[in-house]
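From the sequence below, what's the structure:
(one chain, ligands or ions: 1)
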Amino acid sequence: MREIEQEEPQEIDEASAKLHQLRSKATELLLREEWKESIDAYSHFISLCQNQKSLCLAHSNRAEARFRLREFAAALKDCEEALKIESAHFKTLLCKGKILFNLNRYGVALDCFRVAANLDPQASSNSETLNDYLDKCKKLEFLSKTGTFDLSDWILGGFRGKIPELAEYFGGVEIKKSEISGRGLFATKNIDSGTLLLVTKAIAAERGILPQEDLDENAQLVMWKNFVDKVVESARKCSRTYYLVCMLSTGENENDREVPEIDLFRPEAEENRFSDEDLDVERILSILDVNSVVEGAISSKVLGKNNYYHGVGLWLLASFINHSCEPNARRLHVGDHVIVHASRDVKAGEELTFAYFDVLQPLSNRKEMSKSWGFSCHCRRCKFEEGLCHKQEMREVEMVLGRGLDMGGVVYRLEEGMKRWMVRGKGKGYLRASFWAAYSEAFGSETLMRRWGRRIPGIETVVDGLVDAVGSDERVVKVLVEGLKKSGKIFGNGMMEMERVMKFGRGIYGKVMKRRALKSLLQISTHEQC
Ligand SMILES: C[S@@+](CC[C@H](N)C(=O)[O-])C[C@H]1O[C@@H](n2cnc3c(N)ncnc32)[C@H](O)[C@@H]1O
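Below is the predicted model of the structure:
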């Protein structure tokens, strides 16, 4: 048997001096916040060190440096190593809690902070960081379970001050095969208009204020490039992120794609469910082409952002939401979060859909817009309108609309046409949405209303049917509010009307619980009785 080689005492001294030197250097680099260099030095130290206590501290410190570089997966591994050696290591527990908190895994983060606080109540009561994290974690964990936040105060404060705190939240939704295309998000229960469906945080987002003169291709390209870099960087650092990004559509062979379980997208999903794969940047680029969302889109304008504001981001679960020209959901962007709510009542099992582009447009315009998005729309409304668009009368209505003359006449012709074509129920809402420009102008003009008012349906009938078909829209509801104001119905005895307007308002703005805030968004003065 080979004898175990013994080190000479002098060698031991030299080795321990070298280790001591390495550790001091790593610590110094850590204190100087030179994270990358400190990680290298600790790695070197860890590869040589045999002393368990020193190893625990080295892993803990390397975790901290990795955390600062947002290399969360690697930082977590370091924490695990340190905790294997000393399960009650205060600093490591704090670091692990911070990492989990940043990964939006509030429940497990809270466990770490609680254990740390119990270990050394004296130290923790002096640790502002720990107490802050404990408080925030409790609040965010509650939010992620209940979705009980309210944007009202922020709105009433004129969008100044701190953005309301949000946590990832999944309402009654699941991913299933869609009849529209590939996979889609579906309601698992009946949902009222305005109900919160989803809150998710961006994998990456890039924003900028681009005044009109800067809105050239260059400025947009720079923004896009920065955004792509951020996504690639996140995917590189975290196999979970890359794995989930790869679940998204590239716009090709969508119907053959796997239908992932929704639980995979929950922040608390087990890490070992995500296999390591080599990064394919080309693939990420085609995924971003199809799934990245421009924040300046229709529904994001409402929250006090100025006209020069532009943003682009990638939100994983929200990327499963298909477009429909009869959408039933809307999104708002608050900070890095996207908030999705129902824009009309939704039945259990119904697919949840957004408008990727303005759907208050005739079929021909919508076809153009969907073409520019790279697909041809397969929604029910498009199929329905395809069946009517060959009718000569329908073409005439479109022609008059295009000339921009006599909008009351356009509405009248369309309404008469619908009677002859036997269009009923949602069909009426679809067509009224297609020719909304004419309705809006007619209802807004006293001259046109004098001429056509008796021959066309009232504004309330039109808006009710339209919202039922294509969801709430601020332009539509504002015309309704103006109409109700003119007719005096929003004052005095108009309780029913006000309730209806409030319901439509919730369909537009979602989690705005205070009536005063909703009214201010709808520009209804609070002096008007409700
Ligand atoms: C953000 S993804 C939506 C989720 C996608 N269906 C999936 O399986 O991952 C956008 C892509 O879905 C498809 N899509 C979305 N809405 C559609 C619609 N109304 N008609 C046809 N294809 C649609 C298009 O291929 C589009 O590029």
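
in stretch 203-210, what's buried?
For stretch 203-210, a neighbour-count test (16 or more other Cβ atoms under 10 Å) marks 203-207, 210 as buried. (C-beta placed from N, C-alpha, C; glycine too.)

quick check: mean pLDDT across it?
Average pLDDT, stretch 203-210: 84.

what's around the residue of the stretch 101-250 of the chain at minimum distance from the ligand, how many residues?
In the stretch 101-250 of the chain, no residue comes nearer to the ligand than Gly182, which is 2.5 Å away by Cβ to the nearest ligand atom. The number of residues packed near Gly182 is 18, by other Cβ atoms under 10 Å.

and it, what pLDDT?
Looking at Gly182, its pLDDT stands at 96.

Backbone torsions only: list them for Gly194.
The phi/psi pair for Gly194 (degrees, to the nearest 10) reads phi 90, psi -10.

Quick check: it vs Arg207, distance?
27 Å (Cβ to Cβ, to the nearest Å).

just Leu156 next, same as before
24 Å.

for Gly483, same thing?
37 Å.

From the chain's centroid, how far away is stretch 311-320?
Distance of stretch 311-320 from its chain centroid, counting by Cα atoms, centre = their mean, to the nearest Å, is 6 Å.

Between the two ends of that stretch, what distance do you get?
Start to finish, the residues bounding stretch 311-320 are 20 Å apart (Cα to Cα, to the nearest Å).

For it, which outside residues touch it?
For stretch 311-320, the surrounding residues in contact (Cβ atoms under 8 Å, 6 or more residues apart in numbering) are 170, 175, 183-185, 198, 200-208, 223-224, 227, 231, 244-245, 247-249, 262, 265, 288, 291-296, 300, 331, 333, 336, 338, 340.

now swap in stretch 161-172 and tell me
By Cβ under 8 Å, 6+ apart, stretch 161-172 touches 104, 106, 136, 139-141, 143-147, 149-151, 153-154, 187-189, 191, 195-201, 262, 265-267, 317, 334-335, 337, 339.

and it, C-alpha only, in PDB?
Listed next in PDB are the C-alpha coordinates belonging to stretch 161-172 (Å, rounded to 0.1, in the frame of the first residue of the first chain):
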ATOM      1  CA  GLY A 161     -44.000  59.600  -6.100                       C
ATOM      2  CA  LYS A 162     -43.100  56.000  -5.800                       C
ATOM      3  CA  ILE A 163     -44.500  53.500  -8.200                       C
ATOM      4  CA  PRO A 164     -46.800  51.100  -6.400                       C
ATOM      5  CA  GLU A 165     -45.000  47.900  -5.200                       C
ATOM      6  CA  LEU A 166     -46.000  44.900  -7.200                       C
ATOM      7  CA  ALA A 167     -45.300  41.200  -7.100                       C
ATOM      8  CA  GLU A 168     -45.800  38.500  -9.700                       C
ATOM      9  CA  TYR A 169     -49.300  37.100  -9.500                       C
ATOM     10  CA  PHE A 170     -51.200  34.500 -11.600                       C
ATOM     11  CA  GLY A 171     -55.000  34.600 -11.400                       C
ATOM     12  CA  GLY A 172     -57.300  31.900 -12.800                       C
END
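
That one: which residues count as buried?
Across stretch 161-172, burial judged by 16+ other Cβ under 10 Å covers 164, 166-171.

Just put those residues in TSV and tack on secondary structure, pLDDT and distance to Cys56.
Shown next, in TSV, are those (DSSP: H, G, I helix; E, B strand; the rest coil; pLDDT from 0 to 100; distance: Cβ to Cβ, whole Å):
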residue	secondary structure	pLDDT	distance to Cys56
Pro164	coil	87	39
Leu166	coil	93	36
Ala167	coil	94	32
Glu168	coil	94	32
Tyr169	strand	96	37
Phe170	strand	96	37
Gly171	coil	96	42
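
Get me the contact residues on the stretch 201-350 of the chain for the ligand.
Residues of the stretch 201-350 of the chain lying near the ligand by Cβ under 6 Å from any ligand atom: 248-249, 251, 254, 257, 290-291, 319-320, 322-324.

So which bits of stretch 401-410 are buried?
Taking 16+ other Cβ under 10 Å as the criterion, stretch 401-410 shows 401, 406-410 as buried.

What's the mean pLDDT across stretch 58-78?
When pLDDT is averaged along stretch 58-78, the result is 95.

hmm, I was thinking of stretch 257-266
94.

Is the most centrally placed residue in the chain bridged to anything, and to what?
Geometric centre of the chain, nearest residue: Val338, 2.3 Å, by Cα atoms, centre = their mean. Under DSSP bridges, the beta-bridge partners of Val338 are Thr200, His333.

isn't it right next to Ile321, touching?
No. Counting by Cβ atoms under 8 Å, Val338 does not reach Ile321; the two are 10.1 Å apart.

Kindly report the residues of the stretch 351-500 of the chain close to the ligand.
Proximity of the stretch 351-500 of the chain to the ligand, by Cβ under 6 Å from any ligand atom, involves residues 374-375, 377-379.

Lowest-scoring secondary structure element of this structure by mean pLDDT?
helix 121-126 (a mean of 65; mean pLDDT, DSSP states H and E).

that older thread, now the buried residues of stretch 401-410 as a markdown table including pLDDT?
Listed next are those as a markdown table, based on pLDDT from 0 to 100:
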| residue | pLDDT |
| --- | --- |
| Leu401 | 84 |
| Asp406 | 86 |
| Met407 | 93 |
| Gly408 | 94 |
| Gly409 | 92 |
| Val410 | 93 |
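
before we move on, back to that, next, give me the two most distant ones among the buried residues of stretch 161-172.
With distances taken as Cβ to Cβ, the most widely separated pair in those is Pro164 and Phe170, at 18.6 Å.

which residues touch Leu363?
With contact taken as Cβ under 8 Å, 6+ apart, Leu363 is in contact with 382, 385-386, 389, 434.

Glu346 and Ala187 touch, don't they?
Let me fix one detail, which is that residue 346 is Val and not Glu. Yes. Contact criterion Cβ under 8 Å: Val346 and Ala187 qualify, at 4.9 Å.

Overlap in contacts, the two.
Joint contacts of Val346 and Ala187 (Cβ under 8 Å, 6+ apart) are Leu352.

can you list the domain ranges for the chain.
Following automatic domain parsing, the chain resolves into domains at 9-146, 153-354, 363-521.
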